[in-house]
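**Student:** model this:
(one chain, ligands or ions: 2)
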Amino acid sequence: MADSIQVHAVRAGSVQRDAGRRGAARRDAGADPVHGAPALRVEGLGKRVALPGEELTILDGVGFDIARGDTVAIVGASGSGKSTLLSLMAGLDTPSSGSVALDGEPLSALDEDGRARVRGEKVGFVFQSFQLLPSLTALENVMLPLELRGDREVEGPAKAILDKVGLGQRLGHYPRQLSGGEQQRVALARAFVTRPSLLFADEPTGNLDTHTGQAIIELLFELNADAGTTLVLVTHDEHLAQRCGRMLRLDSGRLVP
Ligand SMILES: Nc1ncnc2c1ncn2[C@@H]1O[C@H](COP(=O)(O)OP(=O)(O)OP(=O)(O)O)[C@@H](O)[C@H]1O
Ligand SMILES: [Mg+2]
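**Tutor:** Ligands and ions are numbered 1, 2, ... in the order given. Predicted coordinates for the structure are as follows:
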C-alpha cells in the first residue's frame, strides 16, 4: 500500500513532505496532505435508519483503505448498500458509526460547510439519478462547479469536456430535452470538469448503449492515467469491474472478505 502511494505521488510529481504546507497542497490533484495517508480510509462504517417499529441496518462495520491513483469497483446485489457507501465516502451523508478520511482528513471533524469545501476541492460525484439542475442547460450544468470554485475560465473547459462525451451539439439543451444516456453523460462531464483527485461514480454506464458506455469507460481510465484521479465506481457492469485494479463486494451491508 505504502509503495503504491509513493509510486503514484512521484508519478504525479508532487510528493508533499512538509505537512505545514497542507493548505497549499489541497488544490494539487496528486498532493499528499498528511504524508503517507491513503486517498481514502473507511473504518468501521455503519449506517442505520429508523423505520416505524424497527431499525434498519444498511451498512455494518465496513472498512478499507484506497491508495492514491487506485481504481476500485464496488459491486453487490441491488439493495446491498453500494450507493449509501458512496454517499458516505464523498461526505454527502453522515454515518451512524465509524469514520471516513479523505487524504488523512476525517470528514467527521468538518461541519456541513467544511465537507462542501472538501468536495469542491477534490471530489467529483456522479449520482445514480444524475441530479442535474433542471433550470440550467447542459453547458451551464457543467460550468457550475468551475464557477463555484471561482475559476475565471469556465466556458472553454466545460465545452471541451461536453464535446469529449459526445454532446458538443447539445450544449443549449435543458435536462428534460435530453435522453437518459445524454443526461448521464452531462453528469459525467460535470464530475470530470474540475479534474478531481477523487472521482465517485454510481453506475456510470448504467443507462448507456455498449458503444457510448465503452467511450465513457475509456474517459474514466484516461482521467486516472493522466491526472492520477482515484476512481471509485459502483457498477453492475462486469467488463467495467474487471478493468478496475480492485473489487470490493458488498453483501447486505457488509464487505465480503
Ligand atoms: N434513507 C433510507 N431510509 C430507509 N431505507 C433506506 C434509505 N436509504 C437506503 N435505504 C435502504 O438501504 C438499502 C441499500 O440501499 P442502496 O441505495 O445503498 O443500495 P444499492 O446497493 O445502491 O442498490 P442498487 O444496486 O439497487 O442501486 C436498500 O434496501 C434501501 O431500500
Ligand atoms: Mg445504488
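**Student:** use CA for all of it now, contacts and neighbours both
**Tutor:** Fine.
**Student:** Secondary structure element holding K159?
**Tutor:** helix 155-164 (DSSP states H and E).
**Student:** From the contact counts, what lies against that helix?
**Tutor:** helix 138-148, helix 180-192 (3 or more C-alpha pairs under 8 Å, 6 or more residues apart in numbering; DSSP states H and E).
**Student:** Looks to me like V42 is in a strand.
**Tutor:** Yes - V42 sits within a strand when classified using DSSP: H, G, I helix; E, B strand; the rest coil.
**Student:** Is it bridged to anything, and to what?
**Tutor:** F64, V100 (DSSP bridges).
**Student:** Report the contact partners of it.
**Tutor:** Residues near V42 by C-alpha atoms under 8 Å, 6 or more residues apart in numbering: V62, G63, F64, D65, M89, G98, S99, V100, A101.
**Student:** okay, and for the stretch 1-150 of the chain, where does confidence drop off?
**Tutor:** 1-35 (pLDDT under 70).
**Student:** just the residues of it that are near ligand 1, which are they?
**Tutor:** V49, I58, A77, S78, G79, S80, G81, K82, S83, T84 (C-alpha under 6 Å from any ligand atom).
**Student:** Kindly reformat those as a markdown table and extend each row with secondary structure and neighbour count.
**Tutor:** Listed next are these as a markdown table, based on DSSP: H, G, I helix; E, B strand; the rest coil; neighbours: other C-alpha atoms under 10 Å:
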| residue | secondary structure | neighbour count |
| --- | --- | --- |
| V49 | strand | 11 |
| I58 | strand | 18 |
| A77 | coil | 12 |
| S78 | coil | 12 |
| G79 | coil | 13 |
| S80 | coil | 19 |
| G81 | coil | 23 |
| K82 | helix | 26 |
| S83 | helix | 19 |
| T84 | helix | 18 |
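**Student:** quick one, the helix holding K159 and helix 138-148 angle?
**Tutor:** Going by axes from the mean of the first three to the mean of the last three C-alpha atoms, to 10 degrees, helix 155-164 is angled at 130 degrees with respect to helix 138-148.
**Student:** Counting neighbours, which bits of helix 155-164 end up buried?
**Tutor:** Going by neighbour count (16 or more other C-alpha atoms under 10 Å), the buried part of helix 155-164 is A158, K159, I161, L162.
**Student:** host element of A116?
**Tutor:** helix 112-122.
**Student:** after that helix, next one along is what?
**Tutor:** strand 123-126.
**Student:** how far out from the middle of the chain is that next one?
**Tutor:** 4 Å (C-alpha atoms, centre = their mean, to the nearest Å).
**Student:** Direction included, what does that strand pair up with?
**Tutor:** strand 198-202 (parallel).
**Student:** So, low pLDDT: which residues of the stretch 151-257 of the chain?
**Tutor:** For the stretch 151-257 of the chain, no range has pLDDT under 70.
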